[in-house]
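**Student:** From the sequence below, what's the structure:
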Amino acid sequence: MHPDLAYVLVSLACLATLLGGWLVVRFFQNRPSVMGHISGATAGYLVSVAIVRVIPEALHYGGDSMMLWVLGGFLFVHVIQHGITPHLHSGDEPRGHKGAFVAGIMALLGLSLHSFVDGMSITAAVHTHTALGILMFIGVFLHRVPEGATISSIFLVRGFKSRTALWAAGILALAALLGALCQNVFDIPVGPVLAIAAGLGIYVACADLLPQAQKESGRKSIASLVAGVLLFLATDHLLPHDHESHHTTVEERCSSGGHGEADHVRQGSQRSGLNPGAD
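**Tutor:** Predicted coordinates for the structure are as follows:
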């Protein structure tokens, strides 16, 4: 995949954030069950792509130590959501809460950090030159809808106007674009970024999204979760996963002067028990 594709994918994910905010402002402010179904499907997809594709790719680039980064990503989002900023879900926000302005800004800060990492993760996945970029984009796109709905709902129930709630969703979208830009400009190693994204995705799916889906009846909750898993399996089956062509691409860039990246891939592959240069 062309690296510039990352900006296109992140921009589309940003539109999903704005879409979620707009849906809450215009239609779903008092209908949390709709967002619950979306959350269930998103949880199924995020867990599937993190376990089946993102973690193995992180190990491929960085070796076994990447599992510590997965754990770090898992703990990071928990600390941000429950230790630094309040994290609520669409439909859960207490009305008449004192300090509404400060609470809204703190929630926006926490979700912006999450969006920033989402932008980095899509860009890092695109840099693997496999279908992981598309798979990661789908997961982030699905998650951005309830995330945009959450921040807009938080602002609305705290007395902010609809326009302010939409601006809050727009800030989340901007944070994702900044994450993509930083990943490209500073060329952060792909392995740790993917590992952190995997830990973050697993946490968000299990701690944030699934509880929302489980508020519905058992069958509906199961159906939405399974739908997300099936969506992943379908897209994963349809998209190619050709690491051989990926290694060829790296070697070609190496021959034109990019020795560092090829060496990084070889070292990560050796640590994970792979030998991309073998016949």
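
**Student:** Just the pLDDT at Gln267, thanks.
**Tutor:** pLDDT, Gln267: 50.

**Student:** Ignore what I typed, I meant Val102.
**Tutor:** On the pLDDT scale, Val102 gets 77.

**Student:** Can you tell me the element it falls in?
**Tutor:** Here Val102, judged by DSSP states H and E, is contained in helix 100-126.

**Student:** So what's the gap between that helix and the chain middle?
**Tutor:** Relative to the centre of its chain, helix 100-126 is centred 10 Å away, using Cα atoms, centre = their mean, to the nearest Å.

**Student:** do stretch 154-170 as well
**Tutor:** Worked out by Cα atoms, centre = their mean, stretch 154-170 lies 23 Å from the chain centre.

**Student:** Can you mark which positions in that stretch are buried?
**Tutor:** Neighbour-count burial for stretch 154-170, counted by 16 or more other Cβ atoms under 10 Å, picks out 154-158, 160, 162, 165-170. All C-beta atoms are positioned from the backbone trio N, CA, C, and that covers glycine.

**Student:** what mean pLDDT would you report for that stretch?
**Tutor:** Regarding stretch 154-170, the rounded mean pLDDT is 83.

**Student:** Ramachandran angles for Gly159?
**Tutor:** phi 90, psi 0 (degrees, to the nearest 10).

**Student:** And stretch 232-241, what's buried?
**Tutor:** Phe232, Thr235, Asp236.

**Student:** ok, now which ones touch the last one?
**Tutor:** Counting by Cβ atoms under 8 Å, 6 or more residues apart in numbering, Asp236 makes contact with Ser48, Val49, Val52, Arg53, Ala131, Leu135.

**Student:** and it, which of the three is it?
**Tutor:** helix (DSSP: H, G, I helix; E, B strand; the rest coil).

**Student:** confidence score at it?
**Tutor:** So, for Asp236, pLDDT stands at 95.

**Student:** can you list contacts of stretch 70-87?
**Tutor:** Residues contacting stretch 70-87 (Cβ under 8 Å, 6+ apart): 55, 58, 103, 106-107, 109-111, 113-114, 117, 195-200, 202-204, 207-208.

**Student:** ugh, wrong one, stretch 213-231
**Tutor:** Outside stretch 213-231, the residues that touch it by Cβ under 8 Å, 6+ apart are 32-33, 36-48, 138, 142, 210.

**Student:** swap the cut-off to 7 Å and go again
**Tutor:** Ser33, Gly36, His37, Ser39, Gly40, Ala41, Thr42, Ala43, Gly44, Tyr45, Ser48 (Cβ atoms under 7 Å, 6 or more residues apart in numbering).

**Student:** what does stretch 176-185 give?
**Tutor:** 3, 6-7, 10, 13-14, 115-120, 122-124, 193.

**Student:** try it again with 6 Å
**Tutor:** Ala6, Val10, Ala13, Cys14, Ser115, Phe116, Asp118, Gly119, Met120, Thr123, Ala124 (Cβ atoms under 6 Å, 6 or more residues apart in numbering).

**Student:** Many thanks, we can stop here.
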